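J.: this is the structure alone, sequence omitted:
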């Protein structure tokens, strides 16, 4: 493995395409004869459609058709199955009945010659509703229904309740996190067209293979008759993992009108019909002995789900294994509300779960008068006690040490509000971060070309994380071919089957298959070279070596692979490979890290900001230092958003969203960016895969909100247990005039 290739800080090979505008995103595709669709979205949160009047809309210029529950083709549901690679979060088909289950639900679809005509006509569709009282918030949902426990995702060992009751030192606290919405810059979009009964779908998708399989099920087709293309994506954060109703509606409309259809979901409806991180209510009970060792830990959570599907936010996924504890329980339950179905959002479960756990760890440390960093060290474990397996690789203590040293934690004054600079009170907090390491089965193809280039393809996606680049690095590492001579094609379901771009498993899954395919291409080249008319005719393929783009034998003869192919008038030497999923029999595979955060609070002007973050991350071998650090930096900023800004709000009476736009749904901007230092530990985990690499896309957001909350407490003395940490929560003791 060449350190000049693997681990190097290489710029993204797709950068020129994006900077020049040559990169085509979904809505950039305009097949001949394309028309436009625009949705009509429910203006109530719950109820029934009594009638739809499309008369005026159909008289509008350019209108081709208006679809709704009384005028829509028969489609088929798909059984949502990850194993069968046809997962959906909303199994209900668009316009399936006259029920309204959530605000912003598709109730009609206008197809017209232009976008402006479709949108104008959509505003003329008149819908008569029989409105019912909507369940708009987690609090309303919990008051309305008994939470339904998800037995499959829970875990229990020992006697957590008995140990908690018997312990001398304990805390019992509840944390609340709000609904968050993904809000990628590129809006959800579909461009569908049919060719001789086959469907071609350009889709903003984090999983083209899953999208293909779902659409095949919905339209009753063999998967080979559906092709999904998504070469470039303006991010997704999990919202584009699975097919949503708009894609099905676009494809059905295209088949009905006999022309390609483009459908872009408006920003406002990306808050309602394309998923979100659900609100959670988490109760944590921790207890220790006199030495500070945990003797009991319970993490019981409830999250909102939709009226049509159940989505479980597994907030206790990290809790069950991050720290040593003999008596532990994790449980997850759901309550239905009138929202669209939730979905995965960057570090699902772990992001809200580690906010709660890491804040509770600080509360427990304070209860026993122990430094919060030392408390975590005392409860360190190198075994996954939930699986009774050792971790394949863990360097959490090193992450604590290196981040603490760089941050200057030893200089922390533990007294509340004691650290000051000018008008600002400084608060310091820390948290562990954690995420599972996953590796799925994968196929890949690599071709060595006679013109001196190489080609690699896989039906995974690059959602802005640098997958194009690291695939090229893997080919270059095996073949010695320069990165600028390697063409990588991703994001098309017709390519060899690849993984979704989610769960931080694309790198660990894709690279071993690419490496195996590269070796298979080399073996094909050797067979050509040793055959009749070959450059090494008569030699045994096993006697040849391949290095830096050349074949060489034991006598010192060296021949460039381009010459081997040209001599035989061959265009290329191809290799294909299939690599299996990681075995979970011997090890628990997880990634680890630590965040140290500084906040500054100016009580005179009520200003709170995150000023500095130092994060040390242990994700195995770093494949590209530049793109890896970028992923952690972006996750940190997203964690700041989670801690201080983000909350999707609903009117408690109507159930309608009230801040479903970029003006009122607050996210961090440039002025909110802290000074960030990312330390990548870079310890290869060869028990996991041949590159020793685990995923890095999600771990950076986990624990960050907890570290911020702990820093806020250190500065202000206020334990904020409900996100986001807004200024009003820090000023609640200020008297208000009558």
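T.: All right, it came through fine. None of the values given here were measured: they were computed from a predicted structure.

J.: OK, contacts around the nearest residue to residue 176 once chain neighbours are set aside?
T.: Residue nearest to residue 176 in three dimensions, not counting chain neighbours: residue 722, with 4.2 Å by Cβ to Cβ, 6 or more residues apart in numbering. For every residue, glycine as well, the C-beta is placed using N, CA and C. Residue 722 makes contact with 175-178, 729 under the criterion Cβ atoms under 8 Å, 6 or more residues apart in numbering.

J.: of the residues you listed, which is the most crowded?
T.: With neighbours taken as other Cβ atoms under 10 Å, the top of those is residue 177, carrying 29 neighbours.

J.: coming back round to it: and the contacts of residue 722, which of them are in helices?
T.: residue 729 (DSSP state H).

J.: which one of the contacts of residue 722 is nearest residue 580?
T.: Closest approach to residue 580 among those (Cβ to Cβ): residue 177, at 36.3 Å.

J.: so what pLDDT did the residue nearest to residue 176 get?
T.: Looking at residue 722, its pLDDT is 98.

J.: quick check: phi and psi on it?
T.: Backbone torsions for residue 722, taken as degrees, to the nearest 10, come to phi -130, psi 120.

J.: how much space between it and residue 304?
T.: Going from residue 722 to residue 304 by Cβ to Cβ, to the nearest Å gives 15 Å.

J.: any idea how many residues pack against residue 416?
T.: Look at residue 416: counted by other Cβ under 10 Å, it has 15 neighbours.

J.: is it fair to say it lies in a strand?
T.: No. Applying DSSP: H, G, I helix; E, B strand; the rest coil, one finds residue 416 to be coil, outside a strand.

J.: residues contacting it?
T.: So residue 416 contacts 713-717 (Cβ under 8 Å, 6+ apart).

J.: swap in 7 Å and give it another go.
T.: If you count contacts by Cβ atoms under 7 Å, 6 or more residues apart in numbering, residue 416 has them with 714, 717.

J.: now do it, the pLDDT please.
T.: Value for residue 416, per-residue pLDDT: 97.

J.: how's the protein carved up into domains?
T.: Taking automatic domain parsing as the criterion, the chain consists of the domains 37-132+188-265, 280-437+585-730, 439-579.

J.: and residue 168, which of these is closest to it?
T.: If we rank the domains of the chain by Cβ to Cβ, the stretch that ends up nearest is domain 280-437+585-730, at 7.0 Å.

J.: span of the closest one from start to end?
T.: When the termini of domain 280-437+585-730 are compared using Cα to Cα, to the nearest Å, they are 22 Å apart.

J.: distance between that domain and the chain's centre?
T.: Centroid separation between domain 280-437+585-730 and its chain, computed with Cα atoms, centre = their mean, to the nearest Å, is 16 Å.

J.: so where do the helices sit in the stretch 201-350 of the chain?
T.: Under the criterion DSSP state H, counting those that start in this stretch, the stretch 201-350 of the chain carries helices at the ranges 208-219, 245-257, 319-322, 350-367.

J.: of all those helices, which one comes closest to residue 70?
T.: Residue 70 lies closest to helix 245-257 among those, at 14.0 Å (Cβ to Cβ).

J.: elements contacting the closest one?
T.: In terms of contacts (3 or more Cβ pairs under 7 Å, 6 or more residues apart in numbering; DSSP states H and E), helix 245-257 is packed against strand 35-41, strand 63-68, strand 106-112, strand 189-195, strand 198-203, helix 208-219, strand 261-264.

J.: what does it contact?
T.: By Cβ under 7 Å, 6+ apart, helix 245-257 touches 35, 37, 39, 64-65, 67, 72-73, 75, 90, 93-94, 106, 109, 111, 188, 190, 192-194, 199, 201, 203, 215, 218-219, 260-261, 263, 265, 273.

J.: neighbouring contacts of stretch 646-662?
T.: Contacts for stretch 646-662 (Cβ under 7 Å, 6+ apart): 45-46, 103, 134, 136-137, 140, 178-181, 267-268, 271-272, 276, 338, 665-667, 724.

J.: just the buried residues of those residues.
T.: Using 16 or more other Cβ atoms under 10 Å as the burial test, the contacts of stretch 646-662 include 45-46, 103, 134, 136-137, 140, 178-181, 271-272, 276, 338, 665-667, 724 as buried.

J.: that older thread, and the helices of the stretch 201-350 of the chain as a markdown table, adding distance to residue 581 and mean neighbour count?
T.: Below are the helices of the stretch 201-350 of the chain laid out as a markdown table (distance: least, Cβ to Cβ, whole Å; neighbours: other Cβ atoms under 10 Å):
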| stretch | distance to residue 581 | mean neighbour count |
| --- | --- | --- |
| helix 208-219 | 15 | 25 |
| helix 245-257 | 27 | 23 |
| helix 319-322 | 20 | 26 |
| helix 350-367 | 21 | 26 |
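
J.: would CSV of those with mean pLDDT and distance to residue 528 be doable?
T.: Formatted as CSV, these follow (pLDDT from 0 to 100; distance: least, Cβ to Cβ, whole Å):
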stretch, mean pLDDT, distance to residue 528
helix 208-219, 98, 32
helix 245-257, 98, 43
helix 319-322, 98, 50
helix 350-367, 98, 49
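
J.: from residue 181, how far out is residue 158?
T.: For residue 158, the distance to residue 181 equals 38 Å [Cβ to Cβ].

J.: bridging residues for the closest residue to residue 679 other than its chain neighbours?
T.: Nearest non-adjacent residue to residue 679, counting by Cβ to Cβ, 6+ apart: residue 616, 4.1 Å away. Beta-bridge partners for residue 616, by DSSP bridges, are residue 594, residue 679.

J.: who's in contact with residue 616?
T.: Each residue near residue 616 by Cβ under 7 Å, 6+ apart is listed here: 399, 402-403, 593-594, 679, 681.

J.: can you do 8 Å?
T.: Applying Cβ under 8 Å, 6+ apart, the residues contacting residue 616 are 398-400, 402-403, 406, 593-594, 679, 681.

J.: what about burial for those, which qualify?
T.: 398-400, 402-403, 593-594, 679, 681.

J.: just the residues you listed now: which is nearest residue 414?
T.: residue 400 (17.0 Å).

J.: ok, residues contacting the one helix or strand the closest one maps to?
T.: Per DSSP states H and E, residue 400 falls inside helix 396-407. Contacting residues not belonging to helix 396-407 are listed as 373, 376-377, 380, 410, 428, 430, 432, 592-596, 598, 612, 614-618, 677, 679, 681 [Cβ under 8 Å, 6+ apart].

J.: and those residues, which are buried?
T.: For these, burial is judged from neighbour counts taken by 16+ other Cβ under 10 Å, and it is met by 373, 376, 428, 430, 432, 592-596, 598, 612, 614-618, 677, 679, 681.

J.: list the buried residues for stretch 24-33?
T.: For stretch 24-33, burial by neighbour count (16+ other Cβ under 10 Å) applies to 25-27, 29, 31.

J.: now stretch 105-114: average pLDDT?
T.: 98.

J.: figure out how far it is from the centre of its chain.
T.: How far stretch 105-114 lies from its chain's middle: 29 Å, per Cα atoms, centre = their mean.

J.: helices of the stretch 451-600 of the chain, start to end?
T.: Along the stretch 451-600 of the chain, counting by DSSP H, counting those that start in this stretch, helices occupy 467-479, 506-530, 561-567.
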